[in-house]
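Participant: based on what follows, work out the 3D shape:
(one chain, ligands or ions: 1)
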Amino acid sequence: MAIPEASTIWWNGALVPWQEARVHVLAHGLHYGTGVLEGTRVFATADGPAVFRLPEHLRRLHRSARMIRMDLPYGVADLTRATVELVRANGHQDCYLRHFAFLGYGTMGIDMRHSPVDVSIASWEWRGQLPQGEGGITLKTSSWRRNDPNAVPPAAKATGPYLNSVLARREANDAGYDEALLLGPDGAVSECTGENVFAVRDGVLRTPPSSAGALEGITQDTLLTLARDLGVEVRVEGLLRSDLYAADELFVCGTAAGVIPVRALDDRALPESPGPVTGRLREAYRAAVSGADPRYRHWLTPVG
Ligand code: PMP
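Facilitator: Numbering: from 1, shown residues only. Model (predicted):
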């Protein structure tokens, strides 16, 4: 998908024209994957555009940076102001935001200590990422395992480790599936390439914990809260591949994806897709992000 250009990008403290936010070919982060990122959504609400769970995304960016030993020159409050300024300047009602900090141009080599940190925020008009065809997507269990936490920590949303997701996604797409399901090094279910996974059986909602190598997803957390508020029993616990094969409903979720039902995993069709619990959660999620449900307005940072 070509990125639809907006007018400006926030780049190390100032708004610059979209085409001027460029990096040098010898930037450290390009060579060694030394970067951290966040994908966040702005949704149109009755009171104007609002960023969904911005503090949580910015805190995760800071946690990711800490895990990979990168010192961010901007705090959460600075980045909050910058985000609002950018979305206003670009005039977006509904967009995707990419916060990105990486080691820039200066020194070359594995020693990261002397490279400068560059920080950018970009916003662009939102278009869905995964296909949302009839009844949901198809998943294939990947031959690639999720990154071992003692090799590169999957809990850090860092650029280098995404090669793992890219390989898994390519393999699944080449085989005719929409998305890959990754197992952790121990063989338990971890997550998809850019989404957390949920299974429903006998009305109970289950999702793997971060110790399974899954990112601590903000949408995952949102859905756990919404489910509890709907009176659905939730369990964050280890899941086997066979737990997913035996599920009544499966869905994946993430900021970019939203809530997407799975209609088949490894060619095993789910009995119902989208299933009733998935449907209720999808509705509750829409109501939360759009500000329609007043119980979750504290999750919205207004831009207007
Ligand atoms: N897992 C991975 C690997 C991801 O890249 C993402 C997207 N950030 C998610 C899960 C979902 O996280 P979130 O709901 O915070 O977008």
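Participant: for residue 182, give the beta-bridge partners.
Facilitator: With DSSP bridges as the criterion, residue 182 is bridged to residue 191.
Participant: end-to-end on stretch 183-193?
Facilitator: Start-to-end span of stretch 183-193 (CA to CA, to the nearest Å) is 11 Å.
Participant: what is the burial count for the spatially closest residue to residue 114 that is not a sequence neighbour?
Facilitator: Among residues not flanking residue 114 along the chain, residue 107 sits closest, at 4.6 Å (CB to CB, 6 or more residues apart in numbering). Placement of C-beta: from N, CA and C, glycine included. With neighbours defined by other CB atoms under 10 Å, the count for residue 107 comes to 14.
Participant: so which strand or helix has residue 107?
Facilitator: Residue 107 belongs to no helix or strand when assigned by DSSP states H and E.
Participant: OK, contacts around it?
Facilitator: 28, 114, 115 (CB atoms under 8 Å, 6 or more residues apart in numbering).
Participant: again, only using 10 Å
Facilitator: Contact partners of residue 107, counting by CB atoms under 10 Å, 6 or more residues apart in numbering, are 26, 28, 113, 114, 115, 116.
Participant: the helix or strand containing residue 139 - contacts with which helices or strands?
Facilitator: Counting by DSSP H and E, the element that carries residue 139 is strand 137-145. The helices and strands touching strand 137-145, judged by 3 or more CB pairs under 10 Å, 6 or more residues apart in numbering; DSSP states H and E, are helix 162-174, strand 179-183, strand 189-192, helix 241-245, strand 249-254, strand 258-265.
Participant: okay, angle between that strand and strand 249-254 too, please.
Facilitator: For strand 137-145 against strand 249-254, the angle by axes from the mean of the first three to the mean of the last three CA atoms, to 10 degrees is 70 degrees.
Participant: hmm, residue 101 and residue 11 touching each other?
Facilitator: No - with contact defined as CB atoms under 10 Å, residue 11 does not reach residue 101; the gap is 11.5 Å.
Participant: anything in contact with each of the two?
Facilitator: 118, 119, 120, 121.
Participant: most surrounded residue in these?
Facilitator: Neighbour counts for the shared contacts of residue 11 and residue 101, by other CB under 10 Å, peak at residue 121, which reaches 24 neighbours.
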